[in-house]
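Trainee: Below: sequence and its predicted model.
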Amino acid sequence: MLHVTCFMTLNTPVSKLYKIGPAYVKKLNKLGIKTARDLLFHFPHRYIDFSNVIPIIKVKVGEAATVQGKILDIGTRRTPRKKMFLTEAVIEDESGAIKAVWFNQPFLTKTLLKGKEMSLAGKVNFDGKSVYFSNPSYEALGRNIHTARLVPIYPETFGISSRMLRFQIKRLLWLAEKIPDFLPKEIRTRQNFLELSRALKLIHFPSSRLQAKVARQRLGFDEIFLIQLYVLKLRQNLKRKKAKSIAFNEKLVRSFVKKLPFQLTDSQKIAAWEILKDIEKPTPMNRLLNGDVGSGKTVVATIAALETAKASGQVAFMAPTEVLAKQHFKTLKELLKGAGLNIAILTGSGQKLLGKKTNQILQIGRQNLKSKIKSGDIDILVGTHALIQKDVAFKDLALVIIDEQHRFGIEQRAELVAARETDAKPKRETDAKPVPHFLTMTATPIPRTLALTIYGDLDISTLKELPKGRIPIITKVVAPARRKDAYQFIKAQIEAGRQAFVICPLVEESEKLEVKSVGEEYQKLKEKIFPDLKIAKFHGKLSSREKERIMKDFKAGKTHILVSTSVVEVGIDVPNATVMMIEGADRFGLAQLHQFRGRVGRSTYQSYCFLFTDSPAKKTHQRLRALIKYGDGFTLSKKDLQIRGPGDLTGKRQWGIPDLAMATLNDLELVQKARVEAQGLIKEEPELKKYPLLRDKLKKFKQKVHLE
């Protein structure tokens with residue numbers, strides 16, 4: 001196959017590679033691997049150390065080792081009970097012989113031939129009679145791809161093993177020399193990094209853990225560096241634009257704060273001041289308000305919305321779901337009562353208007369509302385992504401507030417900017433129509449390392465305190481044996497007039513995942529556990545009308561228990577609910593569990609969070625114990641980062657950041673280096689004209705990566 005290999009390029013489709021048929025192509029595509037280049041950039045997430053090559057006589061039970069010798073005998077038989085294939089071989093060297101056993105791999109009798117010199121690597125077991133290798137890695141003596149070295153283990157999918165990936169990548173390593181190094185030489189020298197081709201070779205097949213580490217640092221830096229350049233250029237582009245300057249109205253703000261039925265925390269005061277100073281500037285604010293569950297982000301955002309609206313600027317308040325949009329509409333109605341503002345809500349399922357004179361919610365036709373938005377009669381418009389539809393035009397949109405920022409993404413935020421600019425290009429930049437100020441919020445507490453990277457284009461305000469008077473929520477992990485006790489406790493709470501949430505990982509039952517579903521749990525609670533209580537189920541597949549009815553009944557106390565998916569993670573405010581029961585708690589990250597817990601404890605009643613899990617895993621219980629120990633989300637997010645890694649903390653699919661970049665976020669020093677280098681480069685060469693390879697790489701990176 002040598003002549004075929006010579007004609008390969010980085011863009012060669014995987015379908016053209018040796019021993020890869022249509023079935024493998026589909027499976028590789030699931031991993032995002034479509035070309036030879038993609039294979040080279042599919043990095044190991046860990047390594048198994050099989051470099052310890054020892055005589056057979058020296059193997060120890062429970063330890064991993066590599067042995068090398070001749071196959072004395074090999075055969076396959078079927079086990080009588082489980083009906084599986086059992087392949088057994090005996091390998092011998094000068095010191096002795098040992099047995100190797102493989103399950104359901106009968107083809108090995110054609111691969112591992114009697115008399116052949118082989119290398120075997122794996123863990124040594126003991127069956128009460130003799131020591132043996134169980135499912136060891138194997139290869140012909142001297143190849144050193146799967147044994148006798150530090151062996152890379154890759155992200156896999158069903159039907160694509162690390163063994164197969166190693167085989168393919170080893171054959172393509174020579175192509176690494178064909179990849180130009182986009183990282184400027186001065187940065188490589190300053191940071192003492194390997195060249196790109198060398199790093200690619202060493203990350204796949206290092207001779208030592210040190211080699212793997214330095215390769216990983218170079219490649220991890222690359223990805224974080226590109227993310228930093230991306231978000232810094234977004235910031236740079238936004239700063240070139242003009243925004244409406246909103247003068248600070250001290251009398252208005254003091255009057256609003258004085259009328260609140262609670263005192264603002266110090267964090268809320270600082271954050272509000274930072275935002276109000278930002279919107280005074282003639283360039284667009286671009287700020288993230290990062291606060292724990294229940295820390296009062298909406299009140300801070302409302303202060304900015306009030307001042308903007310009173311300065312004749314319109315405000316768009318976007319939420320990721322209709323449920324959350326309606327929650328915000330209700331909150332604004334209460335907080336801005338008597339402020340003399342027209343506040344409206346526009347979602348996919350309908351629209352309403354809160355009249356400034358009557359403070360009553362009025363029905364309004366969709367076209368009529370759009371006309372009022374366009375004429376400037378609507379001061380504050382609340383809604384979902386419906387607000388960024390092309391047929392929604394504002395007269396003077398001055399402030400955009402986006403809740404749960406990561407669920408929209410930078411691209412959708414950019415759409416809002418683009419949608420507010422005139423179709424015709426202005427003659428001069430000074431003629432450009434102003435773009436709105438941006439305030440984005442998240443209730444997912446994010447460690448600073450992550451925030452600096454993912455939100456590099458935003459200034460950050462943090463709410464660290466909870467409002468005074470909040471009673472800490474009692475959190476317990478419930479073992480399967482104590483489930484009945486938990487049910488009795490929930491029943492007692494409901495008899496005392498309270499309500500409960502029950503969270504399940506899935507909408508429908510899944511045998512494969514073996515976790516509770518909303519449908520299954522709803523039936524069980526309704527028919528067997530609490531037949532005398534009113535129970536409802538709530539999930540994303542319901543129509544908007546059904547969701548609204550179910551939530552309205554729950555808030556009114558007509559429903560005792562709401563069985564739901566993670567759709568209630570944010571924005572649901574039911575002060576009378578005091579119990580949060582989470583099925584399959586091991587299926588959620590700590591940050592998400594903390595979000596669920598934040599749905600209760602929103603009144604003067606003592607509240608409880610019960611974590612149900614059948615998982616015996618040590619790491620699971622380590623994580624859940626952290627939830628019991630710590631009540632604030634920022635501490636929990638740091639713990640989750642340590643225990644599970646950043647990919648699990650934020651949800652890789654939501655952010656769209658490459659695996660290696662996610663793993664690198666644990667290395668604060670490297671992240672800081674990438675940030676400093678990116679800032680220096682943008683300052684020195686904003687358009688990157690001196691670095692065409694880097695500019696081209698960044699362009700491709702923008703197309704591939706979506707920060708959401």
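Mentor: In hand now; what should we look at? These figures come from a predicted structure and were not determined experimentally.
Trainee: next structured bit after the lengthiest helix in the chain?
Mentor: Ordering each helix of the chain by length in residues (DSSP state H) puts helix 209-239 first. Using DSSP states H and E, the next helix or strand after helix 209-239 towards the C-terminus is helix 250-259.
Trainee: list the buried ones in that following helix?
Mentor: 253, 256 (16 or more other C-beta atoms under 10 Å). Every C-beta, even on glycine, is put in place using the N, C-alpha and C of the backbone.
Trainee: next one: stretch 489-503
Mentor: Result for stretch 489-503 [16+ other C-beta under 10 Å]: buried residues 489-491, 493-494, 498-503.
Trainee: Equivalent analysis for stretch 91-102, please.
Mentor: In stretch 91-102, counting by 16+ other C-beta under 10 Å, buried: 91, 93, 98-100, 102.
Trainee: what's the spacing between that stretch and its chain's center?
Mentor: 46 Å (C-alpha atoms, centre = their mean, to the nearest Å).
Trainee: Quick one: mean pLDDT over that stretch.
Mentor: For stretch 91-102, the mean pLDDT works out to 95.
Trainee: Give me the contact list for that stretch.
Mentor: By C-beta atoms under 8 Å, 6 or more residues apart in numbering, the residues outside stretch 91-102 that reach it are 55-59, 67-72, 86-90, 108, 118, 120, 122, 130-136, 138.
Trainee: Can you list which of those are found in helices?
Mentor: Per DSSP H, the subset of the contacts of stretch 91-102 in helices is L108.
Trainee: ChimeraX command to pick out the buried ones of the contacts of stretch 91-102?
Mentor: Burial among these is assessed by 16+ other C-beta under 10 Å; the matching ChimeraX selection reads:
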select :56,59,67,68,69,71,86,87,88,89,90,108,118,120,122,132,133,136,138
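Trainee: if I look at S95, how far off is I57?
Mentor: Using C-beta to C-beta, to the nearest Å, S95 is found at 4 Å from I57.
Trainee: same question, L165
Mentor: On the measure of C-beta to C-beta, L165 and I57 end up 34 Å apart.
Trainee: count of neighbours near Q168?
Mentor: Around Q168 there are 22 other residues, counting by other C-beta atoms under 10 Å.
Trainee: Hmm, L39 and it touching each other?
Mentor: Yes: using C-beta atoms under 8 Å, Q168 is in contact with L39, at 5.9 Å.
Trainee: what residues do these two have in common as contacts?
Mentor: L17.
Trainee: From P472, how far out is S295?
Mentor: Where P472 is concerned, S295 sits at a distance of 14 Å (C-beta to C-beta).
Trainee: quick one: which of those two has more around it?
Mentor: S295 (27 against 10).
Trainee: doesn't L463 make contact with that one?
Mentor: Yes: if you go by C-beta under 8 Å, S295 and L463 touch, sitting 3.9 Å apart.
Trainee: Can you pull the residues that touch both of those two?
Mentor: 265, 267-268.
Trainee: Quickly name whichever of the buried residues of stretch 489-503 is closest to K689.
Mentor: Proximity of the buried residues of stretch 489-503 to K689 was ranked by C-beta to C-beta; the top entry is I503 with 52.3 Å.
Trainee: Test my guess that the closest one contacts A577.
Mentor: No: under the criterion of C-beta under 8 Å, I503 makes no contact with A577, lying 12.0 Å away.
Trainee: For L562, give the beta-bridge partners.
Mentor: F501, A536 (DSSP bridges).
Trainee: Would you check how far apart it and A500 are?
Mentor: Where A500 is concerned, L562 sits at a distance of 8 Å (C-beta to C-beta).
Trainee: Ok, S130 next?
Mentor: In terms of C-beta to C-beta, S130 sits 56 Å off from A500.
Trainee: before we move on, back to that, what residues do L562 and A500 have in common as contacts?
Mentor: With C-beta under 8 Å, 6+ apart as the test, L562 and A500 both reach A577.
Trainee: Relative to N342, how far out is L668?
Mentor: For L668 relative to N342 (C-beta to C-beta), the value is 47 Å.
Trainee: So which of these two has more stuff around it?
Mentor: Taking other C-beta under 10 Å, L668 and N342 do not tie; N342 has more neighbours (19 against 12).
Trainee: Surely that one is in contact with L353?
Mentor: Yes: using C-beta under 8 Å, N342 is in contact with L353, at 6.8 Å.
Trainee: Perfect, I'm done here.
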